[in-house]
Every structure is written in C-alpha cells, then in structure tokens.
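# How does the following fold in three dimensions:
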Amino acid sequence: MRWLQDPSWALIAVAITTIWKELGLNVLFLLAGLQNVPDDLMEAAQIDGASRWQAFWRVQLPLLSPTIFFLLVVGTIDAFRSFTQVHIMTQGGPIRSTEVLVYSVYRDAFINYRFSYASTQAITLFLILVALTLIQFRVGERRVHYQ
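From the prediction side, this is the model:
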C-alpha cells in the first residue's frame, strides 16, 4: 500500500512517524522520573501490604505526575510543530492532505511570498498554542503532586 500517496492515509503515516520520533525522549523522561521515586516509599507500600500494581497506582504514578504534565505540555506544542516530517515525507501532499499549519506558514512565506498571510497564520498558531497551554495548566496542574 502506498501510504504517502493516498490522501486518507498520508496524514496518519506522518502522525505515526512523529509519534515514533518523540517516543524515545518521552520514555527517557519517564525512566528518569521512575528512578527518582524514593525507595523508602515503595518499601513502605510493600510493608503496608500493597501489591506491585497498587504501589504503582498509589505511589509511583502520583510522584510521576510532574513529569507526565511536562511531557503533555511539551508534546502538545511539538504536535503543532511537525514541519520536518511533513516537508520530508509529503511536502503537504497528496492534495494538501498533510498540510498542517506550520507547513502552510512555510509555503505561504517562502514559496508563494505572501508574507503578511504567513505572519497572520504564525500569530494564529501562537495564540492557539498559548490557549492550549493555559488550558493544560488550569486543568492538569491540579492533578500534579510534588514531593
């Protein structure tokens, strides 16, 4: 199957490669967060009779919440910055099915020389990202537990 030539599958293929590209860094951050959980708390949970599953959900996951929150905010911003994958894999095609906002800014500014339209799109992208980040901080920060 020619994923990058089918308009209904091209964006999915780009999304899969973007997820694959970002997965390693996310796993690295989560591993660092897991290694930062104090052994005393895990030992106390085992002494109290908690299973491994209960210790994970009630001890480790709440202590990982700052790391998860950071990865969600950064991942959302990175999702809107997926220029490189689109440019290398499809250049916005087929039939503009993979033309995301960042690639549209690039195309309008540096190929079509419509700088005012591209700057308007860039400001719109900035405002969307600020709004999403503020929403994430309002909703997500309540669930973050710091040590």
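# The chain: strands as residue ranges?
When secondary structure is read from DSSP state E, the chain shows no strands.
# Regarding it, what is its longest helix?
In terms of residue count, the longest helix belonging to the chain (DSSP state H) is helix 7-35.
# Report the contact partners of residue 70.
residue 29 (CB atoms under 8 Å, 6 or more residues apart in numbering). Backbone N, C-alpha and C define where each C-beta goes, glycine included.
# before we move on, back to that, for the longest helix of the chain, packing partners?
Judged by 3 or more CB pairs under 8 Å, 6 or more residues apart in numbering; DSSP states H and E, helix 7-35 is in contact with helix 61-80, helix 83-89.
# Now find how far off-centre the last one is within its chain.
If I follow you right, that is helix 83-89. The chain centroid and the centroid of helix 83-89 are separated by 16 Å under CA atoms, centre = their mean, to the nearest Å.
# Which residues belonging to that helix are considered buried?
85-86, 89 (16 or more other CB atoms under 10 Å).
# For the residue found closest to residue 82 once you drop the neighbours it is linked to in the chain, the count of nearby residues, please.
Closest residue to residue 82 apart from its sequence neighbours, by CB to CB, 6 or more residues apart in numbering: residue 18 at 5.1 Å. For residue 18, the tally of surrounding residues (other CB atoms under 10 Å) stands at 18.
# Residue 18 and residue 37: what is the separation?
Residue 18 sits 29 Å away from residue 37 when distances are taken as CB to CB, to the nearest Å.
# Likewise for residue 93?
With distances taken as CB to CB, residue 93 is found 46 Å from residue 37.
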